[in-house]
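1. Using only what follows, build the 3D model:
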Amino acid sequence: MKKSVLSVFIAVFIVIFALIPLHSDANRAMSEELGEAMTKAEKAREKAADFKSPSYFPGEWEKAEALYAQAGRMPKNTDDDVKKAAEAYDEAAKLYESVLNLTIPLYAQAVEDEIMSVRDELVTAGAKDAHPEFFIPADREAVLALDQLEAEDYYTARETADSALSLFNLLKTAYNVRMVRNDIIERGFENYVSEEFDKGDEFFSAAMDTYTEKNIPGTKTNLDEALKKYNLVLITGWIEYAKLHRSLAETERKAALDVKADVAAKDQFNEADSVHKNSDRLFEANSHEESARGFILAESLYIAAGTATSEKRRTAEEAINNAKAAIEEANESLRFLSMAQRAFDSGDYDAATEYGKESARLASGATAPATPAPAVASRPTTAARPAGNTGTVFPATYRVRAWGVSNDCFWNIAGRPWVYNDPYKWRILYEANKRKLPNPNNPNIITPGTVLEIPPIKGETRRGAWERGKTYPTLR
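-> Below you'll find the model as predicted:
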């Protein structure tokens, strides 16, 4: 009996140990299936996140996230538990793949829009017309990125799109750097620190070489260095420019004071002084560009105040001279009246009559008679000025010269005899030429070399360009 029980026990023991490897193999297989499902879900999740699916489809993304989190929380104690968890991870992976498929067309469109936005900005600014060869590498990258997206080679497409966008952004940076360079040349600042300007050109040239090679880091470094050099030149130029116009503003201020503009044109002079003092503060605060523009405005305001004063002075002198002439006429009338009285008292009534008539004529301001009164010398007459502008030709255009050469500004140019002979008509010139200014809303800065059109204002004939040394008539 005992032997029989022992035999049964041994048999059962053998069976149990025989089944243990089979159970371990099944367990291992289920674990591997769960691991594969987890890996698949994780990769699908990462891919969808990389292409911004949460931003495009937040609702779908949250559903996938909820299922993914649920799979992670599910018990995994039994084979059945593991199987259910694996199935949950598979479903999560499918949801992530589904939202990715919805995202890709929108992502591709967004990438294309971003690239085209930068490209269109460059084209509008004229960069493509100036340097079409530099658009070729960026355009090729952009087209390749779109092809790769269509081929579902998403990560490669993303890298290519980033490369295309980087190339276009480098072109934008290069264009902006060139605009700084052009600003330097237009203002003549390159002569202040020519060595730094030349170094900037070297870095800019190197940047274009590395750009052609698609060396994005190298291009960025070279452009940054070029911009540093150009900015140094620009800053130095503005400092010197501000110093120049500070001095010119002081000169114009002294000239205005010399004609007593602070009294005769007090409001205009005070406005000029206010701008001048503010520009001084800006200069001391190292805001040299703003201070230079302020000094230029102060110059023009001092000139305007001085010109207004000169006009008032001329009017006053004319009034005084007229008064003096009237007094002289009155004195002359009294002298003839005295002579008439003496002739009358002596009985020379004919002479008394003539002297009396001359005295009355002078007192009334009447024109002298055809036959002069006795003993009265003939008086010189003032020649009448020719009227009108017919039969003469005035210049139709004028090329602006540097301030240090001819003090060119709209006020001074309008005041030239062969232009309008009246500085107060400067606004006519400004309105006709404002589109040619660096800032059309600011008439105080005109660039040397700008060709100004001179519209006729009194029916005068205007033809051809102003020539240095040539004599022109005065506009009446």
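
2. Find the residue ranges of the protein scoring beneath the pLDDT cut-off.
-> 1-27, 321, 325, 328-329, 332, 362, 365-391 (pLDDT under 70).

3. Would you mind finding the longest helix in it?
-> helix 288-346 (DSSP state H).

4. Show me how far it is from its chain's centre.
-> When C-alpha coordinates are averaged (Cα atoms, centre = their mean, to the nearest Å), helix 288-346 and its chain have centres 47 Å apart.

5. Report the buried residues of the next helix-or-strand element following it.
-> Sequence order places helix 349-364 as the next helix or strand after helix 288-346, per DSSP states H and E. Within helix 349-364, the residues that count as buried by 16 or more other Cβ atoms under 10 Å are 351-352, 354-356, 358-359, 361-362. Bear in mind the C-beta positions are built from the backbone N, C-alpha and C, glycine included.

6. which other residues reach the helix or strand Ser274 falls within?
-> Following DSSP H and E, one finds Ser274 within helix 266-284. Here helix 266-284 makes contact (Cβ atoms under 8 Å, 6 or more residues apart in numbering) with 242, 246, 249, 253, 256, 261-262, 288, 290-292, 294-295, 297-298, 301-302, 304-305, 308.

7. follow-up on the earlier one: ok, the buried residues of helix 349-364 vs Ser194, which is closest?
-> Among these, Leu362 lies closest to Ser194 (Cβ to Cβ), at 73.3 Å.

8. circling back: the helix holding Ser274: which residues count as buried?
-> 268-269, 271-273, 275-276, 279-280, 282-283.

9. do the same with stretch 241-256
-> 241-242, 245-246, 248-249, 252-253, 256.

10. Can you redo these as JSON lines, where the extra columns are secondary structure and distance to Pro54?
-> Shown next, in JSON lines, are the buried residues of stretch 241-256 (DSSP: H, G, I helix; E, B strand; the rest coil; distance: Cβ to Cβ, whole Å):
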{"residue": "Tyr241", "secondary structure": "helix", "distance to Pro54": "53"}
{"residue": "Ala242", "secondary structure": "helix", "distance to Pro54": "53"}
{"residue": "His245", "secondary structure": "helix", "distance to Pro54": "57"}
{"residue": "Arg246", "secondary structure": "helix", "distance to Pro54": "58"}
{"residue": "Leu248", "secondary structure": "helix", "distance to Pro54": "62"}
{"residue": "Ala249", "secondary structure": "helix", "distance to Pro54": "60"}
{"residue": "Glu252", "secondary structure": "helix", "distance to Pro54": "65"}
{"residue": "Arg253", "secondary structure": "helix", "distance to Pro54": "65"}
{"residue": "Ala256", "secondary structure": "helix", "distance to Pro54": "68"}
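
11. circling back: okay if I get the buried residues of helix 266-284 as JSON lines plus distance to Phe336?
-> Listed next are the buried residues of helix 266-284 as JSON lines, based on distance: Cβ to Cβ, whole Å:
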{"residue": "Gln268", "distance to Phe336": "47"}
{"residue": "Phe269", "distance to Phe336": "48"}
{"residue": "Glu271", "distance to Phe336": "53"}
{"residue": "Ala272", "distance to Phe336": "52"}
{"residue": "Asp273", "distance to Phe336": "54"}
{"residue": "Val275", "distance to Phe336": "58"}
{"residue": "His276", "distance to Phe336": "57"}
{"residue": "Ser279", "distance to Phe336": "62"}
{"residue": "Asp280", "distance to Phe336": "63"}
{"residue": "Leu282", "distance to Phe336": "67"}
{"residue": "Phe283", "distance to Phe336": "67"}
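
12. and which of these is nearest Asp147?
-> For these, the residue nearest Asp147 by Cβ to Cβ is Leu282; the value is 54.5 Å.

13. nearest spatial neighbour of Ile445, skipping sequence neighbours?
-> Pro438 (5.9 Å; Cβ to Cβ, 6 or more residues apart in numbering).

14. try Tyr424
-> Ala414 (7.5 Å).

15. my guess is the one you found meets Ala432, correct?
-> No: using Cβ atoms under 8 Å, Ala414 is not in contact with Ala432, being 11.0 Å away.

16. who's more crowded, these two?
-> More crowded of Ala414 and Ala432, by other Cβ atoms under 10 Å: Ala414, with 20 against 13.

17. For the more buried one, give me its contacts.
-> With Cβ under 8 Å, 6+ apart, Ala414 has these contacts: 420, 422-426, 428-429.

18. what do you get for Val419?
-> Contacts of Val419 were listed using Cβ under 8 Å, 6+ apart, and they are 394-395, 398, 413, 429, 454, 475.

19. A helix includes it, no?
-> No: per DSSP: H, G, I helix; E, B strand; the rest coil, Val419 lies outside any helix segment and is coil.

20. Specify the angle between the helix holding Ser274 and helix 288-346 in degrees.
-> Angle, helix 266-284 to helix 288-346, by axes from the mean of the first three to the mean of the last three Cα atoms, to 10 degrees: 160 degrees.

21. how far is helix 266-284 from where the chain is centred?
-> Using Cα atoms, centre = their mean, the offset of helix 266-284 from its chain centre is 24 Å.

22. what's the answer for stretch 246-254, then?
-> Offset of stretch 246-254 from its chain centre (Cα atoms, centre = their mean): 28 Å.

23. go on, stretch 244-251?
-> That offset, for stretch 244-251, works out to 25 Å (Cα atoms, centre = their mean).

24. residues in contact with that stretch?
-> 276, 279-280, 283, 291-292, 295-296, 298-299, 302, 403-404.

25. again, only this time at 6 Å
-> With contacts defined as Cβ atoms under 6 Å, 6 or more residues apart in numbering, stretch 244-251 is touched by 276, 292, 295-296, 298-299.
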